[in-house]
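**Q** quick one, structure for this:
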Amino acid sequence: ALSAAIAADGGCFQALSNRAACWLAAEEYAKCVDDCTAALRLLDPTGAYQTKLALRLLVRRATAFCWQGEFEPGRADFKRALLLDSGNKSLRDDVEMLVTTTGAAPSLSAFMGTALPNSRDAALAALDAAGVQRPAGM
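**A** As a prediction, this is how the structure comes out:
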């Protein structure tokens with residue numbers, strides 16, 4: 001059904017996203033990567049990827065990359081997803097489990113290569129970017 005929807009409307013990024021989830025569950029990782037990439041291009045051709053759907057697509061594609069042993073593009077997608085939602089403990093835990101299970105690295109921090117911002121740092125950076133004075137003592 002999803003393939004028929006995509007054939008009828010190649011711009012249907014929701015169908016591509018759903019089919020990518022099916023490919024991931026079926027361990028068809030290359031097909032998952034292809035559908036995620038196509039959906040991301042349709043969703044946001046600029047590459048800004050600021051939506052929840054983009055976050056899901058990045059995580060799916062990163063997972064597929066890692067299960068294929070392609071850790072560099074997987075790391076890039078996971079990093080982008082974690083930067084979009086740095087306070088998501090469940091996402092961090094899932095990424096760490098995948099990283100250690102696939103043998104990509106011994107830990108999340110080793111895999112990511114750099115420390116990810118925490119919620120406090122992200123909030124302070126947002127204040128700085130908006131030109132708002134930080135609260136006293138920060």
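**Q** okay, now Asp85: neighbour count?
**A** 14 (other C-beta atoms under 10 Å). Just so you know, the C-beta spots here come from the backbone N, C-alpha and C atoms, and that holds for glycine as well.
**Q** ignore the last one, Ala62
**A** Residues lying near Ala62 (other C-beta under 10 Å) number 26.
**Q** which residues does it contact?
**A** Applying C-beta atoms under 8 Å, 6 or more residues apart in numbering, we find Ala62 in contact with Pro73, Gly74, Arg75, Ala76, Asp77, Phe78, Ala81, Val95.
**Q** so which strand or helix has Arg60?
**A** helix 52-67 (DSSP states H and E).
**Q** correct me, but Leu53 touches Phe13?
**A** Yes: contact criterion C-beta atoms under 8 Å: Leu53 and Phe13 qualify, at 7.4 Å.
**Q** of these two, which one has the most company?
**A** Phe13 (21 against 15).
**Q** so the more buried one sits right up against Leu43, yeah?
**A** Yes: the criterion here is C-beta under 8 Å, and Phe13 meets it with Leu43 at 4.9 Å.
**Q** common neighbours of the two, please.
**A** Contacts common to Phe13 and Leu43, judged by C-beta under 8 Å, 6+ apart, are Leu53.
**Q** and the most centrally placed residue in the chain, what does it touch?
**A** The C-alpha lying nearest the average C-alpha coordinate of the chain belongs to Leu58 (C-alpha atoms, centre = their mean; 2.8 Å). Each residue near Leu58 by C-beta under 8 Å, 6+ apart is listed here: Cys36, Leu40, Tyr49, Asp77, Phe78, Arg80, Ala81, Leu84.
**Q** what about those residues, which are in helices?
**A** With DSSP state H as the criterion, helices contain Cys36, Leu40, Asp77, Phe78, Arg80, Ala81, Leu84 from among the contacts of Leu58.
**Q** format the residues you listed as a markdown table; extra columns: pLDDT.
**A** Below are those laid out as a markdown table (pLDDT from 0 to 100):
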| residue | pLDDT |
| --- | --- |
| Cys36 | 95 |
| Leu40 | 92 |
| Asp77 | 90 |
| Phe78 | 88 |
| Arg80 | 87 |
| Ala81 | 89 |
| Leu84 | 84 |
